[in-house]
Each structure stands twice: as structure tokens, then as C-alpha cells.
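1. Give the three-dimensional model of this entry:
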Amino acid sequence: MRPNSTPAPVRRRVALLALGSALLPQIACSQPPSSADVATLDEARQLHESGQALLVDIRESSEHATGVAAGALLLPMSQLSRRIAELPADPSRPVLLICRTQNRSSNTLKALRRQGFGHVRYVHGGMSDWARRGWPMVKPAATTPGPTHSGGG
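-> Numbers count the residues shown, from 1 in each chain. Below you'll find the predicted structure:
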């Protein structure tokens, strides 16, 4: 099957399953995120642009094509299990997960917390609210395997 022949909602569901057996069972078993797990959109932008946190865009590559926050690490959720080493393990380096609305990022947060990533939060509102506010977005660089972090924190 060609990658683009599958509808986007189906690809998103498949991407969630692709987190792997180490992450997926824990999503269903974990408690809802607390307010300490959430970053507001304003807070996320300030922390990211000041270099105080790493913004990780977990949308899929086709969604990145609509625009991304400059300097965000582009780490599609479907690739997370094999690229998890790209997330900073150092708790002094906050990580902010962002997707389109916050549904995938909030679920991914739960799984990452179970893996020991206590310094990860998700961004409430996601890139859809970022775009709605007219905040700067850039076209991503050509997709290449491995890290796509373009600086900025």
C-alpha cells in the first residue's frame, strides 16, 4: 500500500499503535494528566523561543508540511519509539510535546512519563491554535531520517 493512499485518521491511529509495546499499554492504564503536565500555548511559545525548553512536534510529516514552529524538533509520533533517544534525558531540559490539538500529545505524555520522562509536558491547544493566533510558522526542511532539530533550543 502506498503511504498516501491511507486516510489521515487511519494513519493517526496506526501511528499511535506504532509507539510500540513498551509505550502503548501504559497509555490506557495511566491516569489523566494533571495541570502540572500541561503547558499553555503562551507559555510553550515563550519557553521554546527563549531556549528554555525543547518543543517537539509529534504530528506526522504530512501535517508538518502545513508549517511548524521554527526550531522545533520534528519527531512524528509514528517514529517516536525508534527515535526516543532524540528526547533529552536530562530533567533540567524541559520537553514540550505539541500536536495538532493536544489529543496525541497528551496521550504520548502519559506513555513517556511511564518511561521515566518526568520533564515532559504537552501543549494545550496545539499547532491548530498556534496557527489560529497567526504566530510564526515555517515550512520544514526536506524530510531526512534522524534528527530534524533546527536549533532554537
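2. CA atoms for contacts and neighbours, from now on please.
-> Will do.
3. Out of the helices and strands in this protein, which is least certain?
-> Comparing helices and strands within the chain by mean pLDDT, DSSP states H and E singles out helix 24-29 as the least confident, with a mean of 41.
4. other SSEs contacting the following helix or strand past that helix?
-> Moving toward the C-terminus from helix 24-29, the next helix or strand (DSSP states H and E) is strand 38-39. For strand 38-39, the packing partners by 3 or more Cα pairs under 8 Å, 6 or more residues apart in numbering; DSSP states H and E come out as strand 120-123.
5. Downstream of the strand it packs on, the next helix or strand is which one?
-> Helices and strands here follow DSSP H and E; after strand 120-123, the next one along the chain is helix 126-132.
6. Buried residues in that following helix, which are they?
-> Within helix 126-132, the residues scored as buried using 16 or more other Cα atoms under 10 Å are G126, M127, W130, A131.
7. shouldn't the third one be in contact with L41?
-> Going back to what we said before, that points to W130. Yes: in this structure, W130 is within contact of L41 by Cα atoms under 8 Å, at 7.3 Å.
8. which residues of the protein fall in strands?
-> Under the criterion DSSP state E, the chain contains strands at 38-39, 54-57, 73-74, 95-98, 120-123.
9. Out of the ones you listed, flag the one nearest M137.
-> strand 54-57 (12.2 Å; Cα to Cα).
10. What is the burial count for T101?
-> As a burial measure, T101 scores 17 neighbours (other Cα atoms under 10 Å).
11. from what I can see it touches G125, true?
-> Yes: using Cα under 8 Å, T101 is in contact with G125, at 5.1 Å.
12. Can you give me the buried ones in the longest helix along the chain?
-> Taking DSSP state H as the assignment, the helix of the chain that covers the most residues is helix 103-114. By 16+ other Cα under 10 Å, the buried positions in helix 103-114 come out as R104, S105, S106, N107, T108, L109, K110, A111, L112, R113.
13. circling back to that earlier point, what's the most buried one of the strands of the chain?
-> For the strands of the chain, the largest average neighbour count (mean count of other Cα atoms under 10 Å) is found in strand 120-123, namely a mean of 29.
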